[in-house]
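[1] here is the input, now give the coordinates:
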Amino acid sequence: MGLWHQDWEEYGDSLQLALGGAGVADSSSEETGELTALEYVQLMRDTLAATTFELDDEAVDTTIEGVSCRILKPKGEIKGVYLHFHGGGMVAGAAFMGDVENRHLANTFNLAVISVDYRLAPEHPFPAALDDSYSVLKWVVTNALEEFGTRSIIVGGESAGAYLALMTLIEARDSLEMNEEQEFIGANLTFGVFDWGGTPSQLGSRPFSSDFDVLSPQIINFLSSQYLPDKSIQDRRSPQISPMYANLSGLPDALFCVGTADHLLDDTLFMANRWRAAGNDCELIVYPRAPHAFTMFPSHFVELFSSQRDGWFKRILTE
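    All right, here's what the predicted structure looks like:
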């Protein structure tokens, strides 16, 4: 089908071998039954906190519309604003996790990067994170020219962050009165969750069954229950919750990336094609045998992804 270059098969094999050789367990094998929901969420948060993330000394922590945010600016003239949302399954994670990549994007493309520390479930379930994300986006739309000298806006994120980026973009299209010069020029959506009602891959049906993934059907179900308590499957398929069911017309160029060993594979495959069917432009990049959050594990795919993502940013910023 040509979804990826033949040489990438070797990269996927090497990555899976490295993950297995490192003794990394599939998250579905974790014994969580003896933990309460809050205890398990805290375990996830502690695990991320214990991970070494290189912090950017020039990043500025601030609040926008009462929401904690982390801002990184380039040295030169700002050409656009990149509104970024971190991953973490809606229950964990923080803006500082993206410092390295966000600094790279800021300096390479002269972007002001705003990474949002939205509220987390289960303490703050739906729609708290969406409310925070949209509040910041609305501020950016209103103040980008005065604060940063540009009206060009890109949204993006990873995993749950890709979900928030897309939902806020749709809300902005529907609710904000845009200045004629105001322009959303792109959406960088990396291994996102777009259907909280459950795609086949979320339920366990993948073309490549890996011995490793940071997600599993059980973990996805748990995260969904924390973010969307008391919501039925049908409720979760509302366009106000799952962008897979939303009107996608009139949205900007997007970059979709995912691996075939990711339990969120179908979310990206379905969304990218619905994106095109709605009349929008997008690029779809699929990495064979790569698991969820593959960018966190050393492999040929990390450099490849960075190069392809940068090529997309360069294109949308120069068109």
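
[2] for the residue nearest to the spatial centre of the chain, list each beta-bridge partner.
    Taking CA atoms, centre = their mean, the centroid of the chain lies closest to Glu158, which sits 2.1 Å from it. Beta-bridge partners for Glu158, by DSSP bridges, are Thr190.

[3] that one touches Val214, doesn't it?
    No. Judged on CB atoms under 8 Å, Glu158 makes no contact with Val214 at a distance of 11.7 Å. Glycine gets a C-beta too; all of them are placed from N, C-alpha and C.

[4] need the residues touching each of the two.
    Ala293 (CB atoms under 8 Å, 6 or more residues apart in numbering).

[5] show me the shaky parts of the stretch 1-150 of the chain.
    For the stretch 1-150 of the chain, the stretches with pLDDT under 70 are 1, 11, 21-35.

[6] read off the pLDDT value for the residue nearest to the centre of the chain.
    Looking at Glu158, its pLDDT reads 98.

[7] also Leu228?
    Looking at Leu228, the pLDDT reads 98.

[8] so what's it up against?
    Pro125, Phe126, Trp196, Asp235, Arg236, Ile241 are the contacts of Leu228 under CB under 8 Å, 6+ apart.

[9] show the buried residues in those.
    Pro125, Phe126, Trp196, Arg236, Ile241 (16 or more other CB atoms under 10 Å).

[10] OK, contacts around the second one?
    Spelled out, that is Phe126. Phe126 neighbours (CB under 8 Å, 6+ apart): Tyr227, Leu228, Lys231, Ile241.

[11] which of these lies closest to Leu130?
    Ile241 (8.8 Å; CB to CB).

[12] that closest one and Tyr227, how far apart?
    9 Å (CB to CB, to the nearest Å).

[13] in TSV: the buried ones among the contacts of Leu228, plus secondary structure and distance to Val60.
    Below are the buried ones among the contacts of Leu228 laid out as TSV (DSSP: H, G, I helix; E, B strand; the rest coil; distance: CB to CB, whole Å):
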residue	secondary structure	distance to Val60
Pro125	coil	29
Phe126	coil	29
Trp196	coil	33
Arg236	helix	36
Ile241	coil	33
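
[14] now, among those, which is nearest to Thr268?
    Distance to Thr268, by CB to CB, is smallest for Trp196 among these, at 14.7 Å.

[15] re earlier: which neighbours do Ile241 and Tyr227 have in common?
    Phe126, Trp196.

[16] got phi/psi on Pro74?
    When read as degrees, to the nearest 10, the backbone of Pro74 gives phi -80, psi 170.

[17] right, I mislabeled it, should have said Ile153
    The phi/psi pair for Ile153 (degrees, to the nearest 10) is phi -130, psi 130.

[18] any idea how far it lies from Leu137?
    Distance from Ile153 to Leu137, by CB to CB: 8 Å.

[19] same thing with Asn110?
    21 Å.

[20] when those two are compared, which one has more neighbours?
    Between Asn110 and Leu137, counted using other CB atoms under 10 Å, the more crowded position is Leu137 (28 against 17).

[21] quick one: the helices in this structure?
    Per DSSP state H, the chain carries helices over the ranges 8-21, 37-50, 99-109, 128-148, 160-175, 217-227, 233-236, 265-277, 300-318.

[22] what's in contact with the second one?
    Contact with helix 37-50 is made by 32, 35, 88-89, 91-94, 97, 121-122, 222, 225-226, as judged by CB under 8 Å, 6+ apart.

[23] the fourth one now?
    Contacts with helix 128-148, where a contact means CB under 8 Å, 6+ apart, come from 64-67, 69, 78, 81, 83, 85, 90, 112, 114, 116, 118-121, 150-153, 155, 164-165, 167-169, 171-172, 176, 178, 182, 227.
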